[in-house]
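give me a model of this one.
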Amino acid sequence: MSLSVRKKALLAAFPHTIPVMTGYLFLGMTYGVFMRASGFPAWYPMVTSLSVFAGAMEFVTVSLLMGPFNPVQALAMALMVNARHLFYGLAMLKKYAGAGVKKLYLIFGLTDETFSVNCAADAPEGVDKHLFMFFITLLDHFYWFAGASLGGLFGSLISFSTEGIDFVMTAMFVVIFLENWLKEKNHMSSLIGLGLSALCLIVFGADGFIIPAMLAILGMLTLMRKYLERGGDAA
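Predicted coordinates for the structure are as follows:
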């Protein structure tokens, strides 16, 4: 594959990752500062942001590293925190089909935000779609690594409060959702997602609604798949 083909895919992918860059740089810095404040050296957040790359699980990893070695607990915690990725994987089966060896990294880098962007964004004409998604994933990974590294390196110098900075991620999801809403011909799938999420939030509460909401959305979209595809919205 020629360098020009890769460059074309990279340039096409970058604009779609700008909202993620904003969120990941700030939240990654928060993670780096948190690790330094917990007594870890600067290289720890660098290594974990490269090898773990799991957002919320990386914050949980800090407490796991500070406690006694318990691999079973670590495995159970990782499954519980990242159970939603099972649904992400199912949703991306069709998109990632035929990606070859790039599929391994696409699976590894499938965070909440990368999933949202890769679902909503389409590769421009003449750009390889798998290479396009690969660079979206790679850029998002780099933003998180850069933020965590900056936080780890300069965390001891930061004296201001970082409370509430994680709202950046909420704002980023709102932007991605609105972009997808504007692209849709039929808003039925988005309305289903919003309605079922709100219902599960009321029934299960803020701490336990995510998995039930995803199960409900997956079931409803599966039942309504033919209708949605006929309506031009096969999300």
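
what residue ranges in this structure score low on pLDDT?
1, 80, 156, 158-173, 175-176, 179-180, 183, 228-235 (pLDDT under 70).

against which helices or strands is the longest helix seen in it packed?
Longest helix in the chain by number of residues (criterion: DSSP state H): helix 3-37. Counting contacts by 3 or more CB pairs under 8 Å, 6 or more residues apart in numbering; DSSP states H and E, helix 3-37 packs against helix 43-51, helix 56-66, helix 112-120, helix 129-154, helix 167-183. In short, each C-beta sits where N, CA and C put it, glycine included.

between the ones you listed, which gets nearest to residue 9?
Residue 9 lies closest to helix 129-154 among the helices and strands packed on helix 3-37, at 4.1 Å (CB to CB).

how far out from the middle of the chain is the closest one?
Per CA atoms, centre = their mean, to the nearest Å, the displacement of helix 129-154 from the mean C-alpha position of its chain is 11 Å.

coming back round to it: so which bits of the longest helix of the chain are buried?
8-10, 12-13, 16-17, 19-36 (16 or more other CB atoms under 10 Å).

per-domain residue ranges of this structure.
3-168, 184-235 (automatic domain parsing).

I'd like those written out as JSON lines, with distance to residue 178 added.
Shown next, in JSON lines, are those (distance: least, CB to CB, whole Å):
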{"stretch": "domain 3-168", "distance to residue 178": "10"}
{"stretch": "domain 184-235", "distance to residue 178": "10"}
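
buried deepest among those domains, which one?
domain 3-168 (a mean of 17; mean count of other CB atoms under 10 Å).

make TSV out of the helices and strands packed on helix 3-37 and add distance to residue 212.
Shown next, in TSV, are the helices and strands packed on helix 3-37 (distance: least, CB to CB, whole Å):
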stretch	distance to residue 212
helix 43-51	30
helix 56-66	18
helix 112-120	17
helix 129-154	27
helix 167-183	19
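
how about those, which one is nearest residue 194?
With distances scored as CB to CB, the stretch of those nearest to residue 194 is helix 167-183 (8.9 Å).

from the contact counts, what lies against the next helix or strand after that closest one?
Counting by DSSP states H and E, the next helix or strand C-terminal to helix 167-183 is helix 188-204. Counting contacts by 3+ CB pairs under 8 Å, 6+ apart, helix 188-204 is packed against helix 167-183, helix 210-223, helix 225-230.

just want the angle from helix 188-204 to helix 210-223.
140 degrees (axes from the mean of the first three to the mean of the last three CA atoms, to 10 degrees).

please state the offset of helix 188-204 from the chain centre?
With CA atoms, centre = their mean as the basis, helix 188-204 stands 20 Å off its chain's centre.

okay, it in CSV with CA atoms only?
Once non-C-alpha atoms are left out, helix 188-204 reads as follows in CSV (Å, rounded to 0.1, in the frame of the first residue of the first chain):
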residue,chain,number,x,y,z
MET,A,188,-36.4,6.4,14.5
SER,A,189,-33.3,4.6,15.7
SER,A,190,-32.0,7.6,17.5
LEU,A,191,-35.4,8.2,19.2
ILE,A,192,-35.5,4.5,20.2
GLY,A,193,-32.1,4.8,21.8
LEU,A,194,-33.0,8.0,23.6
GLY,A,195,-36.4,6.7,24.8
LEU,A,196,-35.1,3.3,26.0
SER,A,197,-32.1,4.9,27.7
ALA,A,198,-34.3,7.3,29.6
LEU,A,199,-36.7,4.5,30.6
CYS,A,200,-33.8,2.4,31.9
LEU,A,201,-32.4,5.4,33.7
ILE,A,202,-35.7,5.8,35.6
VAL,A,203,-36.1,2.1,36.3
PHE,A,204,-32.5,1.1,37.2
